[in-house]
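# Here's my sequence, what's the structure:
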Amino acid sequence: MHPVLVYTASRIGLFIVAFGVLWLVLPVVGLSHPLILIGGAFLVSGIASYVLLSKQRDAVSARISDKLDRPKPQDD
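You can find the predicted model right below:
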């Protein structure tokens, strides 16, 4: 499968999981504002993706650099 799609789907999945966990936990501690919930999920999923998705990020980087390093066809 295309590395960009795998990485994007993984990031979305991590955000959904973080959102779900925070949705269950934050009302218990008295924080139930939607912006806090979304911002917290964004922050937690970003940190988790930095740690957990390094292989996918490297694959995306290699794929993009391969595309950029290819010689362009010359139109005469």
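
# for the chain, what spans make up the helices?
Assigned by DSSP state H, the chain shows helices spanning 3-25, 34-52, 54-69.

# Please tabulate the ones you listed in CSV and include mean pLDDT and mean neighbour count as additional columns.
Bear in mind the C-beta positions are built from the backbone N, C-alpha and C, glycine included. CSV is the format used below for the helices of the chain (pLDDT from 0 to 100; neighbours: other C-beta atoms under 10 Å):
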stretch, mean pLDDT, mean neighbour count
helix 3-25, 94, 15
helix 34-52, 95, 14
helix 54-69, 89, 12
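
# Backbone dihedrals for Ser32, please?
Note on Ser32: its backbone torsions stand at phi -130, psi 10 [degrees, to the nearest 10].

# Any idea how many residues pack against it?
By other C-beta atoms under 10 Å, the residues close to Ser32 number 11.

# ok, for it, nearest residue in space, not its chain neighbours?
Leu26 (6.0 Å; C-beta to C-beta, 6 or more residues apart in numbering).

# Now do the contacts for the one you found.
Listed by C-beta atoms under 8 Å, 6 or more residues apart in numbering, the contact partners of Leu26 are Ser32, Ile36, Leu37, Gly40.

# That one and Val44, how far apart?
11 Å (C-beta to C-beta, to the nearest Å).

# what's the answer for Val28, then?
16 Å.

# and if you look at Lys67?
Distance from Lys67 to Val44, by C-beta to C-beta: 32 Å.

# and what of Ser65?
Distance, Ser65 to Val44, using C-beta to C-beta: 29 Å.

# which one is the residue nearest to the spatial centre of the chain nearest to, not counting chain neighbours?
A centroid search over the chain (C-alpha atoms, centre = their mean) returns Arg11, at 2.6 Å, as the residue closest to the centre. Using C-beta to C-beta, 6+ apart and skipping the chain neighbours, the partner closest in space to Arg11 is Ser49 (5.4 Å).

# Val21 now?
Nearest one to Val21, counting by C-beta to C-beta, 6+ apart, is Val44 at 7.8 Å.
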